[in-house]
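Enquirer: Provided below are the primary sequence and the corresponding predicted coordinates.
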Amino acid sequence: MTNPITSTLDAGQQKIAGDALQGTVVDLIDLSLIAKQAHWNVIGKNFRSVHLALDELVTAARDFTDAAAERATAIGVSPDGRSATVSTTAGTKGFGEGWTKDEQVIAAIVDNLAAVVDRLRGRIADTEAADPVTQDLLIGITARLEQLHWMWQAQVD
């Protein structure tokens, strides 16, 4: 099928921005799934605060996923958030199965946020010349995830 959505970007710009947005979509989908898995399985003395903070992270990741996917669509790139794509291309660190102590959850979330932010920073650099609009979106996402990264780190004793 021919692409029904045309872009104001040239083919090279579209490829660079599309690749950056696709990588962002899969990383954020996986981050939201990791946070939800942790949310269901966290135990420990700080259960309630960690449980609630995980919901905040899930909401942010889902909202940012939608923003990145819609930007991709707007530039004529079909986003791919299928589970097989996410599982094979996300740059997250993952999360174990079963009940998990709050300290371990915090450490895993810090590691996963750092991995996503690191990849986002690379995409920010990649999109600077190709598509400043996409770059601006990625900068905003990165700023919020860095804030969450700080807040999760601040919970470590």
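Expert: Yep, it's here. Residues are numbered from 1 along each chain as shown.
Enquirer: residues touching the residue positioned nearest the centre of the chain, list them.
Expert: The chain has L28 as the residue nearest its centroid, 2.3 Å off, counting by CA atoms, centre = their mean. By CB atoms under 8 Å, 6 or more residues apart in numbering, the contact list for L28 reads A61, R62, F64, T65, A68, V116, I141. The C-beta positions use only the backbone N, C-alpha and C, and glycine is treated the same way.
Enquirer: Specify the local secondary structure of it.
Expert: Counting by DSSP: H, G, I helix; E, B strand; the rest coil, the backbone at L28 sits in helix.
Enquirer: and the two most separated of the contacts of L28?
Expert: R62 and V116 (13.6 Å; CB to CB).
Enquirer: quick one, which of the two is more surrounded?
Expert: Each of R62 and V116 has its neighbours counted (other CB atoms under 10 Å); V116 has more, 28 against 16.
Enquirer: So the more buried one sits against L145, correct?
Expert: Yes - here V116 lies in contact with L145, judged by CB atoms under 8 Å, at a distance of 6.1 Å.
Enquirer: Show me how far the strand or helix carrying V86 is from its chain's centre.
Expert: Element membership for V86 (DSSP states H and E) is helix 83-89. In terms of CA atoms, centre = their mean, to the nearest Å, the centre of helix 83-89 is found 13 Å from the chain centre.
Enquirer: From the contact counts, what lies against the next helix or strand after it?
Expert: Next along the chain after helix 83-89, taking DSSP H and E as the criterion, comes strand 100-101. When contacts are defined as 3 or more CB pairs under 8 Å, 6 or more residues apart in numbering; DSSP states H and E, strand 100-101 sits against strand 42-43.
Enquirer: Please enumerate residues in contact with the strand it packs on?
Expert: V50, H51, L54, W99, T100, K101, D102, V105.
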